[in-house]
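A.B. asks: show me how the following folds:
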Amino acid sequence: MKIKMKVQVERDVKFLKAECGVRYWEDAEVNGAEDDEDNPAIPFKVGDTWCPVIDIEAGTILDWPAGTTASTHYKVCDDGRYSLLDENKTEVVTIDGYVPKIMCPGGSGYGDYVIMKIGPDGKIDGWHQDLSAFEGDEE
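C.D. replies: Below is the predicted model of the structure:
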């Protein structure tokens, strides 16, 4: 007789790579102006997806254009992919679907929204290192 067992492994992670399927680009402001639905100015837009890579400890978006500010309130719902990466940017664990709490330090996202304010240095206001969604502990 055989059984399947879950084994817990502890790994170091350094970055969070987000791939957020944004429904409405105009639900953001870039440099104080509402973003343009037809030609969004938000950095790291790839097609219909917003793809920032965040330094988890520092709470900053990597390679953020200096001097650019942004405020997002993106409706993503279950159209997201979120990966924790190690120091070499190799995927350690990935979750798909609803927005994890770590992606909405600017308010309660209810699993549907990416809510954050990003300063001119790429630092995310109110950043907190809540990785519970990746550990299966998020409610």
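
A.B. asks: for this structure, which helix or strand comes out least confident on mean pLDDT?
C.D. replies: helix 132-135 (a mean of 91; mean pLDDT, DSSP states H and E).

A.B. asks: report all helices and strands that it contacts.
C.D. replies: strand 80-85, strand 91-96 (3 or more Cβ pairs under 8 Å, 6 or more residues apart in numbering; DSSP states H and E). All C-beta spots, glycine's among them, are computed from the backbone N, C-alpha and C.

A.B. asks: most tightly surrounded among these?
C.D. replies: strand 80-85 (a mean of 20; mean count of other Cβ atoms under 10 Å).

A.B. asks: contacts for the least confident helix or strand of the chain, please.
C.D. replies: With contacts defined as Cβ atoms under 8 Å, 6 or more residues apart in numbering, helix 132-135 is touched by Y82, L84, V93, I95, P100, K101, I102, E138.

A.B. asks: now with 6 Å?
C.D. replies: L84, V93, I95, P100, E138 (Cβ atoms under 6 Å, 6 or more residues apart in numbering).

A.B. asks: can I get these in TSV including pLDDT?
C.D. replies: Shown next, in TSV, are the contacts of helix 132-135 (pLDDT from 0 to 100):
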residue	pLDDT
L84	98
V93	95
I95	96
P100	95
E138	52
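
A.B. asks: for stretch 97-116, buried residues please.
C.D. replies: 98-106, 109, 111-116 (16 or more other Cβ atoms under 10 Å).
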